[in-house]
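S.K.: Fold the stuff below for me.
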Amino acid sequence: MSQYAAGGPDRRLLAVGIVGSAFCLRLVFASLSVRLPEVALATGLAPWQVGLLTTLPVLCLGVFAPLAPRLARRWGMERSLFGALLVIALGTACRALGPVWALFSFSILTGAAIATANVLLPALVKRDFQARSAWLTGAYVTAISGGAALAAAVTIPVETALGGGWRMSLAMWAAPVVVVCLVWLPLARRGAPGARAEAAPVPGLWRHPLAWSVALFMGFQSALAFCVLGWLAPILRERGLDAETAGLVLSVLILVQLATSLTIPAAAARRPDQRGLALVLSLAATGGLLGLLLAPLSGVWVWAVVQGLAQGGLFSLALTLVLLRSADSQTASQLSAMAQGVGYVPAALSPLGVGLLHQWTGGFEAVAGLVAVIGLGLVVSGLIAGRDRVVAPAALTSPR
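M.R.: Numbering: from 1, shown residues only. The predicted structure is shown next:
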């Protein structure tokens, strides 16, 4: 049950906090991606270490996701999110200011904090914005894509203008996170008295086939997304584009995600069955990435737009399915933790796989096979998760 009066100032502030938090969740990934070759050269990282650097923070999104409901039970959702944002700001600022061990350590710390926010944001939407969950889900997914697009687009130009080098260009993204922390401060001070009860465990969830299909769909779409976020700019640079153009292609790809991330949740909520949406988006996202890998560079902008539109739709659909397949906010919190705990394992392995394939083969052509496998997983899991079913506590012992 919502702890905020409908239309009241606290509820509006909460909505702003949710969207602002979402804006901060991909800044660290996109800003590193466009400077990855320079970071590797400056630090002397071997190819396998570069793959590890792109993999470990994503793996943390899965490993630490199950801890988020426990933090919410202990501290409340608002305070847990505020604490996560503080850690994200700290990790973002410090990852580039020290030696290589700091780059890895603070990237991992930031990934763990992002995992907490990833899990609790959908639960807050389900709890406090039940009637407008599709709209707010679209808004915060759009904010995630917008933050990533901005980081991809302006990291290199700002670095060039200010002359601070790659360390400054990575650390500067702590600033918007600090601003969002200020938004959350009054909400964290007061907290919400019902937040701990909302995060109570849901018995039998991990035995429910529908819950697993939602988790796998989340994982496979994340695997595609982090292949793009972590490796598209280096791939395009190796194929012949300069650093600024490669970053711009990535930025456009992420920017066009805003269109589908804002509209797909409402489209999905209007229908009980989302299998058609899942199928179309899965095929388009997979085909778009294959085009970026293999097709002539003359069509790079077309493939980027196709992949971006589909990827934005997949991400927002995956988050919407968490809400649509949940009977209440308690189930939504636990299903969100499960979906991201399970789902970010393939998401973490996929950029590592890209790095290893590149090291073994000397090029990125073999990555197309990995992309095809991920696409097949997307189609299968999406067709199951999109069915008109609900993960309800009463149904956990006898799933439909």
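S.K.: pLDDT below threshold where in the chain?
M.R.: Segments of the chain classed as low confidence (criterion: pLDDT under 70) are 1-9, 190-203, 329, 392-400.
S.K.: can you tell me which helix in it is longest?
M.R.: Of all segments of type helix in the chain, defined using DSSP state H, the longest is helix 329-361.
S.K.: Centre of the chain to that one, how far?
M.R.: Taking Cα atoms, centre = their mean, to the nearest Å, one finds the center of helix 329-361 at 10 Å from the center of the full chain.
S.K.: In that helix, which residues are buried?
M.R.: Within helix 329-361, the residues that qualify as buried are 329-358, counting by 16 or more other Cβ atoms under 10 Å. Bear in mind the C-beta positions are built from the backbone N, C-alpha and C, glycine included.
S.K.: quick one: residue 290 and residue 373 touch, right?
M.R.: No - shown here, residue 290 and residue 373 do not form a contact pair, counting by Cβ atoms under 8 Å, at 11.8 Å.
S.K.: Now do the same contact list for residue 254.
M.R.: Contact analysis of residue 254 by Cβ atoms under 8 Å, 6 or more residues apart in numbering lists 30, 145, 148-149, 152, 229, 308.
S.K.: Let me have these in a markdown table, extended by secondary structure, neighbour count and distance to residue 280.
M.R.: What follows is the contacts of residue 254, written out as a markdown table (DSSP: H, G, I helix; E, B strand; the rest coil; neighbours: other Cβ atoms under 10 Å; distance: Cβ to Cβ, whole Å):
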| residue | secondary structure | neighbour count | distance to residue 280 |
| --- | --- | --- | --- |
| 30 | helix | 25 | 26 |
| 145 | helix | 30 | 19 |
| 148 | helix | 28 | 23 |
| 149 | helix | 22 | 23 |
| 152 | helix | 29 | 26 |
| 229 | helix | 25 | 22 |
| 308 | helix | 29 | 15 |
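S.K.: circling back: I'd like the next helix or strand past the longest helix of the chain.
M.R.: If you walk from helix 329-361 toward the C-terminus, the next helix or strand you reach (DSSP states H and E) is helix 367-385.
S.K.: And the contacts of that following helix?
M.R.: For helix 367-385, the external contacting residues (Cβ under 8 Å, 6+ apart) are 209-210, 213-214, 216-217, 219-221, 223-224, 227, 231, 235, 274-275, 278-279, 281-283, 285-287, 289-290, 293-294, 314, 321, 325, 346, 350, 353-354, 357-358.
S.K.: Can you flag which of those residues belong to helices?
M.R.: Among the contacts of helix 367-385, the members that lie in helices (by DSSP H) are 209-210, 213-214, 216-217, 219-221, 223-224, 227, 231, 235, 275, 278-279, 281-283, 285-287, 289-290, 293-294, 314, 321, 346, 350, 353-354, 357-358.
S.K.: show me what contacts residue 215?
M.R.: If you count contacts by Cβ under 8 Å, 6+ apart, then residue 215 has 338-343 around it.
S.K.: just to revisit the earlier point, if any of the contacts of helix 367-385 are buried, give me the ChimeraX selection for them.
M.R.: Of the contacts of helix 367-385, the buried ones can be selected in ChimeraX as follows, counting by 16+ other Cβ under 10 Å:
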select :210,213,214,216,217,219,220,221,223,224,227,231,235,274,275,278,281,282,285,286,287,289,290,293,314,321,325,346,350,353,354,357,358
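S.K.: Just give the nearest non-adjacent residue to residue 267, would you?
M.R.: residue 277 (6.8 Å; Cβ to Cβ, 6 or more residues apart in numbering).
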